[in-house]
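> Sequence below, structure please.
(one chain, ligands or ions: 1)
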Amino acid sequence: MIDIKRIKPKTKGESDKYSWNLYRFLHKIISNRDEGKYVKNQLEVHFVHNSWFDSKYLEFDKNKSLNPRQLIILPLGLKNGRSFHSVDSILTRNRSDRFALPNWELTDITDWFFETYERDGRCIFDRSHNGWMLGAKNRFTHVNNTRRCNWCGEWHHKEIKKKVNITRKEVWLPEESIK
Ligand SMILES: [Zn+2]
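Here you go, the predicted model:
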């Protein structure tokens with residue numbers, strides 16, 4: 001596991017490139033008196049292939065936004081403690097209840113996750129850059145028709161797209177055949 005100072009938001013209690021809730025959660029479990037020293041070496045992040053929505057099989061795709069609902073943290077790893085925390089609950093509801101692990105299909109993505117999260121921040125969850133997030137007001141630097149994402153470094157340009165609406169309207173016409 002990485003040194004969590006590297007994913008610490010600049011202002012206490014506020015998310016920026018990095019999530020305050022996730023940082024706080026990790027800090028809490030690695031500084032736990034009894035378990036912390038094990039957590040530091042054993043913590044794993046897994047992708048759950050069973051869809052949270054309908055439990056159908058989902059592929060893990062590095063190039064797509066990571067849905068936090070498919071992500072879990074196992075403080076003691078898969079071998080040594082079969083309990084987990086939901087990353088979605090940690091991020092959005094700031095809750096960190098620990099549950100026993102069901103019989104899910106998992107892929108250990110610990111190294112990839114921390115490397116990518118350190119580099120790109122919360123863009124890992126929103127590759128399209130259209131999502132709504134708290135603490136995102138300084139996410140973009142705008143220059144004319146372009147903008148740069150200050151978290152992952154991606155550049156975007158603005159395009160105006162024409163939207164055509166097709167509307168249907170009921171019209172009554174005289175019956176020509178009745179004469
Ligand atoms: Zn970005």
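
> Going by C-alpha atoms from here, please, whenever you check contacts or count neighbours.
OK.

> how much space between the residue sitting nearest the centre point of the chain and S83?
The centroid of the chain falls nearest to F125 when counting by C-alpha atoms, centre = their mean (3.0 Å). Relative to S83, F125 is positioned 23 Å away (criterion: C-alpha to C-alpha, to the nearest Å).

> got it, and V171?
When V171 is compared with S83 (using C-alpha to C-alpha), they lie 63 Å apart.

> Looking at the two, which is more packed in?
Comparing V171 with S83 by other C-alpha atoms under 10 Å, the one with more neighbours is S83, at 17 against 5.

> How many residues are close by the closest residue to the ion within the chain?
Nearest residue of the chain to the ion: C152, at 4.0 Å (C-alpha to the ion). As a burial measure, C152 scores 19 neighbours (other C-alpha under 10 Å).

> What of H85?
H85 has 21 neighbours, counted by other C-alpha under 10 Å.

> Can you classify I72 by secondary structure?
With DSSP: H, G, I helix; E, B strand; the rest coil as the basis, I72 sits in strand.

> ok, and for stretch 100-120, which residues are buried?
Neighbour-count burial for stretch 100-120 flags 106, 108, 110, 113-114, 117-120 (criterion: 16 or more other C-alpha atoms under 10 Å).

> What of stretch 14-22?
Within stretch 14-22, the residues scored as buried using 16+ other C-alpha under 10 Å are 15-22.
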